[in-house]
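Visitor: Just to be clear, the model below is a prediction. Sequence and coordinates:
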Amino acid sequence: MSNNHHLVLIGINHTTAPIEVRERLAIPAERLADAIRTLVHQPGVREGLILSTCNRVEMLTVQENSLSSGTDLLRFLEEYFAVAPASITPHLYEYREREAVRHLFRVASSLDSMVVGESQILGQVKESYMIAREVGAVAGSLDGLIQRAFTVAKKVRSETQIGSNSVSIASVAVDLARKIFGTLQGKTVLLVGAGKMSELAARHLIQQGATNILVANRTQERAEKIAAQFNGAVIPFEALHDQAARADIVITSTGSPQKLFGRAHGQQFLQTRRNRPMFFIDIAVPRDVDPGMNKVEGCFVYDIDDLQQLAAANLADRSREAQAAETIVTREVDKYQQRVQSLDAAPAIRSLQDHAEALRQAELRRSAARLAGLTAEQQAAVEALTRSLTNKFLHAPMTALREAARDGDAQALAELESLYTNQSRNKQ
């Protein structure tokens, strides 16, 4: 960022906040554009992007004032979500400048995910980026940074094996179901919500032997599309509670602000099923299933935070590849910072070059009478000589300016620019 603009990121994720906190700040896809617009209308915010997934809610901003920026973003959270500061402040993290760049690169590369190496997060970052661009919230500096994050994520994927045997929250959830039931052969599965996560879950379930797939979604057309892919059947959403007891496994991933299943539903289902157990995997944020259903004997409810134990085992398996990926991210952060800081030196270098060129032209004008008798070839030689000398004299100050910019020393950069340009003016 330039001397006048500051990069600030605040957020919560699965490592800092339990699901009951995250779901209070979750932003449904249909409200994301409005939330981003509101964010960039906050005082001092020039650009902004919000990433809201089941595991995190983060705001990445370019701001004019670095002193109170974190406080301003916290105030935005409080007002937009109508939450008390005390309920979210202990769970928040804040990164600035280089550390914000590093965090973004790690998130896009799936190094900060619950399941390290999962591929969904990059698509979610891209989706947020496209929405932010559409509403005019991402422009010059933030646009370039996010594009670089995509490049880094691609590099991590191509240069390490972190994404081998692709793992996702959906696949971890299915592994949990398989461990509990022993086998999924002949089991009936109900997918509530027909998003990408449901598709992934269905694919993994079929691979593990599930044969009967039921799909319920508020949009009937979308439910039919998913069901057709897997030779499944559609349950009308309004009949969800009447027919859910047909399923041995229910996987929910809707964007509903209210819970779809409560404890009373669990009791009703178990009675219909004559006490045959029923397994709920709730991968929605906010949650679709009341955790109180766990108290109904025969109902087993797991939310997304319950999947962390399996995710931790996954992380151990990939620790070597994750370390290689971290090395790539660190290298790319260094390169990005150097490029950004070097760009900050460009105006000072141009100013110095302009002054030096003006000085050279002035000296040539003073000597014009004495040089008038030279041939065209001799005049060209004088022109080349003066340009060469000017460039040689500029080499040391330009190097000093670039080094000051690379070190992030704004004061030294300003002092050097003032020193060299003033010297040029005095010589004129």
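Guide: Thanks, I have it.

Visitor: Every contact and neighbour count from this point should use C-alpha atoms.
Guide: Fine.

Visitor: Most distant residue from the centre of the chain?
Guide: When distances are taken from the C-alpha mean of the chain, Gly373 lies farthest, 67.0 Å away, according to C-alpha atoms, centre = their mean.

Visitor: Tell me both backbone torsions, phi and psi, for that one.
Guide: Backbone dihedrals for Gly373, given as degrees, to the nearest 10, come out at phi -80, psi 0.

Visitor: and it, what does it touch?
Guide: Residues in contact with Gly373, defined by C-alpha atoms under 8 Å, 6 or more residues apart in numbering, are absent; none qualify.

Visitor: now it: how far from Ala362?
Guide: Distance, Gly373 to Ala362, by C-alpha to C-alpha, to the nearest Å: 19 Å.

Visitor: now do Ser319
Guide: Distance of Ser319 to Ala362, computed by C-alpha to C-alpha: 64 Å.

Visitor: low-scoring stretches of the stretch 1-150 of the chain, by residue?
Guide: Residue ranges of the stretch 1-150 of the chain with pLDDT under 70: 1-4, 65-71.

Visitor: where do the strands sit along it?
Guide: For the stretch 1-150 of the chain, the strands identified by DSSP state E, counting those that start in this stretch occupy 6-13, 45-52, 56-63, 93-96, in order along the chain.

Visitor: Relative to the shortest one, what are the paired strands and their orientations?
Guide: Each strand that pairs with strand 93-96, with its direction, by DSSP bridges: strand 6-13 (antiparallel).

Visitor: What angle do strand 45-52 and the partner strand make with each other?
Guide: Using axes from the mean of the first three to the mean of the last three C-alpha atoms, to 10 degrees, the direction of strand 6-13 lies 20 degrees away from that of strand 45-52.

Visitor: now strand 6-13: how far from the chain's centre is it?
Guide: Its chain's C-alpha centre and that of strand 6-13 lie 10 Å apart, by C-alpha atoms, centre = their mean, to the nearest Å.

Visitor: tell me the angle of that strand relative to strand 56-63?
Guide: Per the same axes, to 10 degrees, the angle that strand 6-13 makes with strand 56-63 is 170 degrees.

Visitor: Contacts for stretch 284-292, please.
Guide: Contacts made with stretch 284-292 from outside it, assessed by C-alpha under 8 Å, 6+ apart, are listed as 19-20, 22-24, 26, 53-54, 252-263, 280, 282, 301, 303-304.

Visitor: What mean pLDDT does it get?
Guide: Along stretch 284-292, the predicted confidence averages to a pLDDT of 91.

Visitor: Please save the CA atoms from it in CSV.
Guide: As requested, the backbone C-alpha atoms of stretch 284-292 are provided in CSV (Å, rounded to 0.1, in the frame of the first residue of the first chain):
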residue,chain,number,x,y,z
ALA,A,284,-24.5,-25.1,7.6
VAL,A,285,-23.6,-21.8,9.2
PRO,A,286,-25.9,-20.7,10.7
ARG,A,287,-26.8,-24.2,11.8
ASP,A,288,-29.8,-26.0,10.4
VAL,A,289,-30.2,-28.5,13.3
ASP,A,290,-30.8,-27.5,17.0
PRO,A,291,-27.9,-29.1,19.0
GLY,A,292,-30.6,-30.0,21.5
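
Visitor: Would you mind listing the buried residues in that stretch?
Guide: Ala284, Val285, Pro286, Arg287, Asp288, Val289, Asp290, Pro291 (16 or more other C-alpha atoms under 10 Å).

Visitor: just those now: which is nearest Val382?
Guide: Val382 has its nearest neighbour among those in Val285, at 73.0 Å by C-alpha to C-alpha.

Visitor: quick one: what helix or strand has that closest one in it?
Guide: When elements are defined using DSSP states H and E, Val285 is found to belong to no helix and no strand.

Visitor: From Phe150, how far off is it?
Guide: Computed as C-alpha to C-alpha, the Val285 to Phe150 distance reads 25 Å.

Visitor: Wait, Arg133 touches Ala139, no?
Guide: Yes - in this structure, Arg133 sits in contact with Ala139. The criterion is C-alpha atoms under 8 Å, and the distance is 7.4 Å.

Visitor: returning to what we had before: of the contacts of stretch 284-292, select the buried ones using a PyMOL command.
Guide: With 16+ other C-alpha under 10 Å as the criterion, this PyMOL line picks the buried residues out of these:
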select buried, resi 19+22+23+24+26+53+54+252+253+254+255+260+261+263+280+282+301+303+304
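
Visitor: Can you get me a residue count around the nearest residue to Leu77 once chain neighbours are set aside?
Guide: Excluding the flanking residues, the one nearest Leu77 by C-alpha to C-alpha, 6 or more residues apart in numbering is Val83, at 7.5 Å. Here the neighbour count serves as a burial measure; for Val83 (other C-alpha atoms under 10 Å) it reads 14.

Visitor: what does His5 give?
Guide: Summarising burial for His5: neighbours were counted as other C-alpha under 10 Å, giving 18.

Visitor: which residues sit in contact with the spatially closest residue to it that is not a sequence neighbour?
Guide: The spatially closest residue to His5, leaving aside those adjacent along the chain, is Glu64, at 4.8 Å (C-alpha to C-alpha, 6+ apart). When contacts are counted by C-alpha under 8 Å, 6+ apart, Glu64 touches Asn4, His5, His6, Gly44, Val45, Arg46.

Visitor: Quick check: the fifth one touching Val62?
Guide: Meaning Val45. Yes - Val45 is within contact range of Val62, at 6.1 Å (criterion: C-alpha under 8 Å).

Visitor: Give me the more crowded residue out of those two.
Guide: In this comparison of Val45 against Val62, neighbours counted by other C-alpha under 10 Å, the higher total goes to Val62 at 26 against 22.
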